[in-house]
Each structure stands twice: as structure tokens, then as C-alpha cells.
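[1] Have a look at this fold, sequence not included:
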């Protein structure tokens, strides 16, 4: 018996849909493999260019050295001042940004009406799109003089100035991901808490926040990765003194600031350039580890809500 044309068209649609799904799946799979290959290639590239530094200076010597004088007769390539500067700026930025960012995410997710939520998300997206050099210029014009006058310092170019501006820069990342984690909490939990007599605020901090804790932790870790990798703003605001800071009011130099400031003036193929590649390899390893842990935490939360 012949199949009517209309029936053939109806039967043909699922076949074409399955074919399209197969093509899309292959493209996605290839994209994932390509991303892994590119990531591995970056690591290999950094490692190959850092071989001379690892051989002539030694990783342990660089990792434990407390002095960074790359241009003297007997150069010293100690990573400790740079690691300390990055840690001081990043951790202070997190301390300043995380409480406000989580509070903003909680307000947007649980208390804001539709209009306010749309406006707030637009502002957050705009903040994320602002170039880092613009944040640096704003910091030079406003934050640095304020820090200098408020704390009566000789110079406002310090770890604190860099951390304040960096706190604004990482806030969009933390707010956006935290809001998504809070929004993903099932409404049944909220309704059950309200049915037991809790207020919206009590429901938010007793039920919603603990339920979304994994996603919020991942947001904080991704914000940390963003802070560690920031270059231009910290290069403009921290004073670029390669020394171990005694306080947040001291000038510091970060890993990214060192690479950006010195890579353009080194001898191609020289020891100094190789050391900077070794420093980049350290930064790459740190950011990779932070983002990997954040992804694992997010995946844990997804599995939790699939049950």
C-alpha cells in the first residue's frame, strides 16, 4: 500500500530531526575536544619556553626566592614577592566583594520585583563589559587619592587601592553565578518553609542560601580566578614594587603585572624571558586549579538537584 505524501512528510520529520541532532552532538563533542587540546597546547607552550629557567635557575629556587631583581649583574628571580602581592590584592578584593555580591544576588533572586530585577541584571552585565583599563583610570582618579588622604599615606598606589577596584571588577561574576544558583533552588523548599511560618527573610537565609551554597562557593572561586588573572587595573594601581608587603598600604607587584610590565623589554630567548614564561606557567596552574574546583562544585550541585 502506498503511503500518502502527507504521511511521508510526517514520517520524514523525525528522521531529519535525528540527523540534525547527530550533527549538533558531533559539533559539540568536537568543540569540547578542541577546547581541551587548546588548553593542553597552552600548558605545553608555557612549559617548553620555561625549560631554560627551570634548568638554569631551578623551580624550587624561583618558588622560594624572596627577591626579584631580574636586571642586575647577578639576577635574582624570586617568585615569593609576586605571589604575595597577588595574594594580598586578590584576597582583600574577595573580602570586600563577596558579602556585598552575595547580598545583591539574594536581593535580585528573592526580593526584587520583575522590573527591578531586569534593571539590576542590565547593570551587572554592563559592569562585566567595562574594559579593565577603564576601571584602572577610575581608580587612578578616585580611589588612589581617597586612599592616600584617608589613611595619610605618602602614596595611594597600594595593594588596598588595587583590591578596592578589583572588588568592583569581580562583583558581576559573583553576583551573576550566585543569582543563578539561588534561582535554581526548587520552589517547593520555599513554599514548605513559608508554610511552617517562616518569613521571606528567614526562608532566604535558612533554606535558600544553604541549598545554593555549592553554587555560591563556585561563584566565589570563579571570582577569585578572575581576580588573580586581572592585569591592567592592578598594574596601574598597586605601585609595582616587587617586595613582600607588610600591610595593605604597601605598594606591591602581582604576577600578571610583572609579566605585562617586563615581557616587552626582555631579550628574546634569554633567561629573563624564560623566567617570565615559568611565572606564566605558575599562574596558568593556579587559575586552572581554581576553575577546575569551581566546575566540580557546580557539577556536584547539579547532581544534587537531579535526584
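    That came through fine. These figures come from a predicted structure and were not determined experimentally.

[2] which SS class is residue 268?
    Put simply, residue 268 is coil when judged by DSSP: H, G, I helix; E, B strand; the rest coil.

[3] what comes up buried for the helix or strand hosting residue 95?
    According to DSSP states H and E, residue 95 maps onto helix 80-110. Buried residues in helix 80-110, counted by 16 or more other Cβ atoms under 10 Å: 80-90, 92-94, 96-98, 101-102, 104-110. All C-beta atoms are positioned from the backbone trio N, CA, C, and that covers glycine.

[4] same check, this time on stretch 55-63
    Of all the residues in stretch 55-63, those buried under the rule 16+ other Cβ under 10 Å are 57, 62.

[5] The helix or strand following the helix holding residue 95 packs against which elements?
    Downstream of helix 80-110, the next assigned helix or strand under DSSP H and E is helix 114-129. For helix 114-129, the elements it packs on are helix 80-110, helix 159-183, judged by 3 or more Cβ pairs under 8 Å, 6 or more residues apart in numbering; DSSP states H and E.

[6] now those helices as a markdown table including mean pLDDT and distance to residue 285?
    Converted to a markdown table, the helices and strands packed on helix 114-129 look like this (pLDDT from 0 to 100; distance: least, Cβ to Cβ, whole Å):
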| stretch | mean pLDDT | distance to residue 285 |
| --- | --- | --- |
| helix 80-110 | 93 | 12 |
| helix 159-183 | 92 | 20 |
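
[7] Enumerate every residue touching residue 86.
    Taking Cβ atoms under 8 Å, 6 or more residues apart in numbering, we find residue 86 in contact with 228, 254-256.

[8] From the residues you listed, keep the buried residues only.
    The buried subset of the contacts of residue 86 - by 16+ other Cβ under 10 Å - is 228, 254-256.

[9] Turn these into CSV, columns for secondary structure, distance to residue 62 and pLDDT.
    What follows is the buried ones among the contacts of residue 86, written out as CSV (DSSP: H, G, I helix; E, B strand; the rest coil; distance: Cβ to Cβ, whole Å; pLDDT from 0 to 100):
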residue, secondary structure, distance to residue 62, pLDDT
228, helix, 18, 90
254, coil, 16, 92
255, helix, 12, 92
256, helix, 17, 91
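
[10] Thanks a lot, catch you later.
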